[in-house]
Structures are given as structure tokens and as C-alpha cells.
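Peer 1: Build me a model from this:
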Amino acid sequence: MFLVLPVYQPSAHLAALLDDVRSAAPDTRVVVVDDGSASAPVLDGGGVVLRHGTNRGKGAALKTGFRHVARSCPGADVVCADADGQHGVRDILRVAEQVRRTRRIVLGVREVGPKMPLRSRFGNTVTQRLFRAATGHAVRDTQTGLRGYPGEMLDWLLGIPGERFEYEMNVLLYAARAGRPIEQISIDTTYLNENTSSHFGVFADAVRIYRPLLRFAVSSLGTRGDRR
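Peer 2: The predicted structure is shown next:
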């Protein structure tokens, strides 16, 4: 299993996560994709660091990681996680095991509740409802960064459009359209300082996420009309 970590201006939580991974699952191969940080992250004790010269976005960073895995170890499963302290090794390994068992996309789902920062709670609730209205599928956490993919899906993932935060939404939309099942498991999530380390732009990135949702809904209505 490969653990792909897209990072931008990473904090000390990256080093802590890498230490935890090495202790709990030493066979895990780690790929850190530095998306144009001013100071490049240091990966001590094994693993690969891939670098973008400029900030290209989370989607681009994920694709760089997927491309590396597909070339270096075809067929290997991938788990993607955020390196800002939100995701623990226990849940990363649970997602990996679920991928291994089911050969499906697996989402680590955060529970919407008082512990979730208000902006995340509001955004997640709205997006969840819009996604269900557009696709007919219930995904409890469309914005989770903890996701697992079987190795045989990497070529498909590389063909999905999107360079920034909209990429992860597009993955779910394309999966819904293609009839690819999505597994969901509840995870523990730690929010540090109300998640202020997040690089998600409340307005610009929200627009990027909702735009493909709207396009999907409109195209679905057109398809239904053609069938009448």
C-alpha cells in the first residue's frame, strides 16, 4: 500500500504523521507531493518526495502521486490523507484494509457534530445535500481528504479533470456516473485551532467545488429528458 500525502507549506504534523506510520505500518510506502511550498518538506527515514516548482493545486498534487505509484508499482493500492494533523494512522490503515477487501473507493467519513468547525460543518452539510440531489447517491462526507483507491483504478483517476480542490468532488461525480460503488467508514478527526491550517479558500474553492456539481446536475437533467 502507498500513502500519498499532498502538502503545501506543511507544519510539524507531517513529521509526526510519518513517525506514526513508520511505527504502526513499516511496510507502507510513503509519497509526499510538495505542491510548491516556499520551504520544501524534509522526509527523513524513507519515502519519496515529489515536488512542484509552483503551487498547482491539490488535484494536481494527487495526480502526481498517482502517476508515480502507477509507474513504480503498477496495481498497488493507494490511500490519500491530509498531513495537517486531521487523520490518524489507525484510520488510514482501516481505509487501506477496506480497499484491500472490497476493491472499491473508500471514504473516511467525518461525523458532522459540535467538534467540527462551523464553516466545515455548514459546507459539508450543504454539499452533501446538493450531491445527493444531483446524483441520487448519499455520500456523508464529500469533502473528506482521507480516501482509498484500489490500484486498478489509478489510470481512471488520472483521467478525471480538475487541478485544485474540485478534483476530489469530480472523482465522486465520475464514480456516481460510472456506477462505481463507494464505501464509507466513520473516522476520528482532530481539528487543530478550528482547522486554521487548511488552505481551502472559502469563496474561490467553494465555487470550484459547486461548479462541477451544477454541471453534473444540468447534464443529468438533459440525459433524463432525452430518454423520455
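Peer 1: Not including adjacent chain positions, what is the nearest residue to the residue nearest to the spatial centre of the chain?
Peer 2: In the chain, the residue lying closest to the centroid (C-alpha atoms, centre = their mean) is residue 145, at 3.5 Å. Excluding the flanking residues, the one nearest residue 145 by C-beta to C-beta, 6 or more residues apart in numbering is residue 82, at 4.0 Å. Yep, even glycine has a C-beta here, placed from its N, CA and C like the rest.
Peer 1: Kindly confirm my reading that the one you found is in a helix.
Peer 2: No: counting by DSSP: H, G, I helix; E, B strand; the rest coil, residue 82 is not part of a helix but coil.
Peer 1: distance of it from residue 189?
Peer 2: 10 Å (C-beta to C-beta, to the nearest Å).
Peer 1: The two: which is more packed in?
Peer 2: residue 189 (23 against 20; other C-beta atoms under 10 Å).
Peer 1: If we ignore the residues flanking it in sequence, what's nearest that one?
Peer 2: Going by C-beta to C-beta, 6+ apart, residue 189 has residue 110 as its nearest residue, at 4.5 Å.
Peer 1: tally of neighbours for the one you found?
Peer 2: The number of residues packed near residue 110 is 24, by other C-beta under 10 Å.
Peer 1: tell me the contacts of it?
Peer 2: Residue 110 makes contacts with 116, 124, 141, 144, 187, 189, as judged by C-beta atoms under 8 Å, 6 or more residues apart in numbering.
Peer 1: do residue 38 as well
Peer 2: Residue 38 neighbours (C-beta under 8 Å, 6+ apart): residue 9.
Peer 1: Helix, strand or coil: sort out it for me.
Peer 2: Per three-state DSSP, residue 38 ends up coil.
Peer 1: Distance-wise, check it relative to residue 53.
Peer 2: 12 Å.
Peer 1: Likewise for residue 94?
Peer 2: In terms of C-beta to C-beta, residue 94 sits 35 Å off from residue 53.
Peer 1: okay, and the helix or strand of this structure with the least pLDDT?
Peer 2: helix 204-227 (a mean of 66; mean pLDDT, DSSP states H and E).
Peer 1: so after the helix or strand that residue 177 is a member of, what's the next helix or strand?
Peer 2: Taking DSSP states H and E as the criterion, residue 177 maps to helix 166-178. Moving toward the C-terminus from helix 166-178, the next helix or strand (DSSP H and E) is strand 182-187.
Peer 1: Show residues contacting that next one.
Peer 2: In contact with strand 182-187 (C-beta under 8 Å, 6+ apart) are residues 87-88, 91, 94-95, 98, 102, 104-111, 137, 139-141, 144, 146, 172, 175.
Peer 1: can you do 10 Å?
Peer 2: 86-88, 90-92, 94-95, 97-99, 101-111, 137-141, 144, 146-148, 171-172, 175-176 (C-beta atoms under 10 Å, 6 or more residues apart in numbering).
Peer 1: Many thanks, have a good one.
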